[in-house]
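J.: Quick one: sequence plus predicted model below, questions after.
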2 protein chains.
Amino acid sequence: MVPPSVERRSERARRAILDAALELCQDQSFAGLTMEGIAKRAGVGKQTIYRWWPSKAAILLEALQERGGATLIFPDTGDIVADLRTQMTQVVRAFNDPMFAAYSRGLISAAQSDPEIAAAVVESIIRPRVDLCVDRLAKAQQAGDIHPDANLPDVVELLYAPLYYRLLLHTRPTTEAQVDAVLTMVFQGLRP
Amino acid sequence: MVPPSVERRSERARRAILDAALELCQDQSFAGLTMEGIAKRAGVGKQTIYRWWPSKAAILLEALQERGGATLIFPDTGDIVADLRTQMTQVVRAFNDPMFAAYSRGLISAAQSDPEIAAAVVESIIRPRVDLCVDRLAKAQQAGDIHPDANLPDVVELLYAPLYYRLLLHTRPTTEAQVDAVLTMVFQGLRP
């Protein structure tokens, strides 16, 4: 068993490393981040970092998962539109958190030229959230609130893709008004 | 006036440079691209490149615009869903062209840490296509095929965001079946 004092010390170092990576990711691009830089800023040795994480992408993924924790809560009040609004609003808040945004953009940017990072982003960030949303939509479908033919993973994409679109294409800021507009269009449909 | 032989020579050099940039972008990441590398592969001097383009991003933007020309044709047969299907299918084809995909991913990736590239992508790639789509949707709205309250720029985002989502998040390949699924959901709405 690890004595409590060592655990506390490890947790302190772990937090310092995650915070240092977060801060550096805001100051500079993901491409400019190095394990050396993170170690220096966190005041730890480089070996300490490599003991816990194989790469800077792995550190960023962990920090992103911690910081994006609120987006892993999917409410079920029985009102599917209200519950989606609650959850999507959490995503909008995360995308408007400068640190979370810098992180997300850095990781997704790195994923474009590194298939391992791309797979890790899908597995640890995207997939768990899609699965939660599909579960909630399935209940709504069983309750008769969603068309029985709707393919639920496609619905998740339709709802969340416009948020990622603004985050990554830098066309307009993601807002709560965007969430309302998407929900209205998707549930009512475009036909008069 | 420039004599025709010089024009022809310039056009040959211009094409060689665009092609070299395209090929290199497929072989390596956007971050690894250099003006030197492009000049060497194209068999021209670096000054020739700098005479026409200020940066590698500018070269990629021009190549992307040339290669994505088919996505700038927006048909008007009077059937809005059929016309959207035609145009969105062109986008799917472009995203499945390995060179176009590597280019798009490289540029959007670079846009995450360079606001000038981000602005150039919006101005030269995204905005002209959004405007064309809004024009076509406006005619459909006037014809009574789209709900009068629908905000057309929001509709464009809803239709195209799922294609960019798969391109950039690497969850699933973009397909023509995806286009049909998006159009059905968006026009019918999710309610039973």
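T.: Alright, I've got the coordinates. Bear in mind that the values here come from a model prediction, so they are computed numbers and not experimental data.
J.: what's the domain layout of chain A?
T.: Chain A breaks down into these domains under automatic domain parsing: A:4-53, A:64-188.
J.: Next one, pLDDT for A:P3 please.
T.: If you check A:P3, the pLDDT there is 58.
J.: related to what we said a few turns ago, worst mean pLDDT among the domains of chain A?
T.: Of all the domains of chain A, mean pLDDT reaches its minimum on domain A:4-53 (a mean of 84).
J.: Off-centre distance for it?
T.: Distance, stretch centre to chain centre, for domain A:4-53: 20 Å (C-alpha atoms, centre = their mean, to the nearest Å).
J.: what's the neighbour count on the residue of chain A at minimum distance from chain B?
T.: Going by C-beta to the nearest C-beta, chain B is nearest to A:G189 of chain A, at 2.4 Å. To be clear about C-beta, it is placed using only N, CA and C from the backbone, and glycine gets the same treatment. Neighbours of A:G189 under the rule other C-beta atoms under 10 Å in any protein chain shown: 20.
J.: Nearest residue to it in space, please, no chain neighbours.
T.: B:G189 (2.4 Å; C-beta to C-beta, 6 or more residues apart in numbering or on different chains).
J.: Please apply the same query to A:D97.
T.: Nearest non-adjacent residue to A:D97, counting by C-beta to C-beta, 6+ apart: A:R67, 7.3 Å away.
J.: ranking the domains of chain A by burial, who's on top?
T.: domain A:64-188 (a mean of 18; mean count of other C-beta atoms under 10 Å in any protein chain shown).
J.: Return the distance of it from the chain's centre.
T.: 9 Å.
J.: The top helix by length along chain A and chain B, any residue contact?
T.: Secondary structure of chain A read by DSSP state H shows that its longest helix is helix A:4-27. No - for helix A:4-27, no contact with chain B is found by C-beta under 8 Å from any C-beta of the partner chain; the gap never falls below 10.1 Å.
J.: Could you export that helix as PDB, CA atoms only?
T.: Taking C-alpha atoms only, helix A:4-27 is exported to PDB below (Å, rounded to 0.1, in the frame of the first residue of the first chain):
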ATOM      1  CA  PRO A   4      -1.000   8.600   2.400                       C
ATOM      2  CA  SER A   5       1.800  11.200   2.400                       C
ATOM      3  CA  VAL A   6       3.300   9.900  -0.800                       C
ATOM      4  CA  GLU A   7      -0.200   9.800  -2.400                       C
ATOM      5  CA  ARG A   8      -0.700  13.400  -1.400                       C
ATOM      6  CA  ARG A   9       2.600  14.400  -2.800                       C
ATOM      7  CA  SER A  10       1.900  12.500  -6.000                       C
ATOM      8  CA  GLU A  11      -1.500  14.100  -6.400                       C
ATOM      9  CA  ARG A  12       0.100  17.600  -5.900                       C
ATOM     10  CA  ALA A  13       2.700  16.900  -8.600                       C
ATOM     11  CA  ARG A  14       0.000  15.500 -10.900                       C
ATOM     12  CA  ARG A  15      -2.100  18.600 -10.500                       C
ATOM     13  CA  ALA A  16       0.900  20.900 -11.000                       C
ATOM     14  CA  ILE A  17       1.800  19.100 -14.200                       C
ATOM     15  CA  LEU A  18      -1.800  19.300 -15.600                       C
ATOM     16  CA  ASP A  19      -2.000  22.900 -14.600                       C
ATOM     17  CA  ALA A  20       1.300  23.700 -16.200                       C
ATOM     18  CA  ALA A  21       0.300  22.000 -19.400                       C
ATOM     19  CA  LEU A  22      -3.000  23.900 -19.400                       C
ATOM     20  CA  GLU A  23      -1.300  27.200 -18.900                       C
ATOM     21  CA  LEU A  24       1.400  26.600 -21.600                       C
ATOM     22  CA  CYS A  25      -1.300  25.500 -24.000                       C
ATOM     23  CA  GLN A  26      -3.000  28.800 -23.600                       C
ATOM     24  CA  ASP A  27       0.300  30.800 -24.100                       C
END
